[in-house]
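In: Using only what follows, build the 3D model:
(one chain, ligands or ions: 1)
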Amino acid sequence: MTALRAEGLGKKYKRRWALAGCTLDVPAGHVTGLVGPNGAGKSTLLGLAAGMLEPSSGTIEVCGGVPGSGPAQLAKVGFVAQNAPVYANLTVEEHLRLGARLNPGWDDGLARARVARIGLDPALAAGKLSGGQRAQLALTLGIAKRPELLLLDEPVASLDPLARREFLRDLMEAVAEHGLSVVMSSHLVADLERVCDHLIVLVDSRVRLTGDVDELLATHRRLTGPRRDVDTLPGDQRVVSARHTDRQTTVLVRTEAPILDPAWDVGELGLEDLVLAYLADPGVGRPDLGVVR
Ligand SMILES: Nc1ncnc2c1ncn2[C@@H]1O[C@H](COP(=O)(O)OP(=O)(O)OP(=O)(O)O)[C@@H](O)[C@H]1O
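Out: Next comes the predicted model:
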């Protein structure tokens with residue numbers, strides 16, 4: 001099952017492509033992390049998936065439908081934008097009532113339990129909440145909507161560490177109990193490492209890497225050994241990044257095959273190292289790596 005499928009998807013603002021040639025399959029029932037530097041196109045991809053933006057090229061399908069194509073599609077998709085949008089003049093309670101009125105699958109018990117646990121005063125206007133509390137309210141509305149796919153644009157950036165951990169736990173519970181699919185952008189790779197089993201790395205408006213996290217970790221290796229030219233590596237070892245000192249070379253490769261050369265000291269990678277390697281070397285001019293179809 002696919003939660004989101006994009007084929008050659010692009011979005012152009014005037015003459016600049018904010019997202020280009022984006023081909024993706026995001027599996028349903030999983031948490032997918034969306035990472036990339038500022039301006040890479042993460043919010044643009046989420047906006048296209050939510051139906052807030054129109055593609056300039058290619059196609060996108062979300063939960064089997066065209067984003068923004070009607071009430072049934074809107075009910076399937078929850079979107080919490082980067083600035084945690086809430087109505088400043090409405091109270092927390094009024095937000096919950098509005099959520100119940102607008103969303104056919106609304107889970108009032110969940111919304112109220114969450115608001116109580118976070119300690120939000122239902123009588124307080126959203127405009128009087130702190131930034132983190134506003135984000136908590138917006139996230140509560142997103143989860144209580146009970147969408148098939150929840151799109152979250154940097155949801156935890158303004159939350160304190162405990163609130164962050166609790167929110168991520170709520171999210172994983174919803175995934176396990178209700179089969180929710182999540183696509184979540186974040187700069188906090190350590191958080192993504194805890195909750196994501198699928199990954200998209202966007203760099204310079206393009207998909208640089210995507211796939212199942214376990215599979216990506218299993219096929220990337222850090223090789224350290226005597227200095228050598230990386231062009232001499234076997235053809236099945238794709239070089240992601242390379243560093244040299246006078247006597248030593250450290251190279252990060254993607255390969256399905258075991259590393260047989262005894263000159264290399266072979267190390268495994270964590271998700272953070274993997275992401276940073278792809279971010280540090282944008283691979284300009286190279287074909288996208290790891291696009292899993
Ligand atoms: N409404 C707009 N008009 C013109 N250009 C835009 C608009 N929205 C985004 N862009 C441009 O598109 C590119 C991608 O922006 P986007 O917001 O998708 O990046 P991002 O990866 O979410 O960044 P960040 O991590 O800073 O939130 C940027 O160069 C940005 O300047």
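In: Need the phi and psi values for the nearest residue to M172 once chain neighbours are set aside.
Out: Nearest residue to M172, sequence neighbours excluded (C-beta to C-beta, 6 or more residues apart in numbering): V195, at 5.8 Å. All C-beta atoms are positioned from the backbone trio N, CA, C, and that covers glycine. Per-residue torsions, V195: phi -120, psi -20 (degrees, to the nearest 10).
In: In contact with V195: list those residues for me.
Out: Counting by C-beta atoms under 8 Å, 6 or more residues apart in numbering, V195 touches 31, 33, 168, 171-172, 184.
In: could you redo the last one with a cut-off of 7 Å?
Out: 31, 168, 171-172 (C-beta atoms under 7 Å, 6 or more residues apart in numbering).
In: tell me what the lengthiest helix in the chain is packed against?
Out: Counting by DSSP state H, the longest helix found in the chain is helix 161-178. Packing partners of helix 161-178 (3 or more C-beta pairs under 7 Å, 6 or more residues apart in numbering; DSSP states H and E): helix 131-144, helix 189-195.
In: try 10 Å
Out: strand 31-35, helix 108-118, helix 131-144, strand 149-153, strand 181-185, helix 189-195 (3 or more C-beta pairs under 10 Å, 6 or more residues apart in numbering; DSSP states H and E).
In: which SS class is the residue of the stretch 51-200 of the chain found nearest the ligand?
Out: Closest to the ligand within the stretch 51-200 of the chain is Q82: 6.0 Å, counting by C-beta to the nearest ligand atom. Using DSSP: H, G, I helix; E, B strand; the rest coil, the structure places Q82 in coil.
In: Also T23?
Out: T23 is classified as strand under three-state DSSP.
In: From the rest of the structure, what touches the longest helix of the chain?
Out: For helix 161-178, contacts defined as C-beta atoms under 10 Å, 6 or more residues apart in numbering pick out 29-31, 105, 107, 110, 114, 117-118, 132-133, 135-136, 139-140, 142-144, 146-148, 150, 152, 155-160, 180-182, 184, 188, 191-192, 194-197.
In: follow-up on the earlier one: doesn't P155 make contact with the residue of the stretch 51-200 of the chain closest to the ligand?
Out: Yes - if you go by C-beta atoms under 10 Å, Q82 and P155 touch, sitting 8.8 Å apart.
In: joint contacts of these two?
Out: Overlap of the contact sets of Q82 and P155 (by C-beta under 10 Å, 6+ apart) consists of 135, 185.
In: Between these two, which has more neighbouring residues?
Out: The neighbour count for Q82 versus P155, taken as other C-beta atoms under 10 Å, is higher for P155 (27 against 16).
In: give me the low-pLDDT residue ranges for the stretch 151-293 of the chain?
Out: For the stretch 151-293 of the chain, applying pLDDT under 70 flags the ranges 281-293.
In: Let me see the ranges of the helices in it.
Out: With helices called from DSSP state H, counting those that start in this stretch, the stretch 151-293 of the chain shows them at 161-178, 189-195, 213-218, 271-280.
In: and those helices as JSON lines, adding distance to T245?
Out: Converted to JSON lines, the helices of the stretch 151-293 of the chain look like this (distance: least, C-beta to C-beta, whole Å):
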{"stretch": "helix 161-178", "distance to T245": "37"}
{"stretch": "helix 189-195", "distance to T245": "26"}
{"stretch": "helix 213-218", "distance to T245": "26"}
{"stretch": "helix 271-280", "distance to T245": "17"}
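In: Kindly provide the distance from the nearest residue to V239 once chain neighbours are set aside to D191.
Out: Leaving aside its chain neighbours, V239 sits nearest to V230 (5.0 Å; criterion: C-beta to C-beta, 6+ apart). Relative to D191, V230 is positioned 32 Å away (C-beta to C-beta, to the nearest Å).
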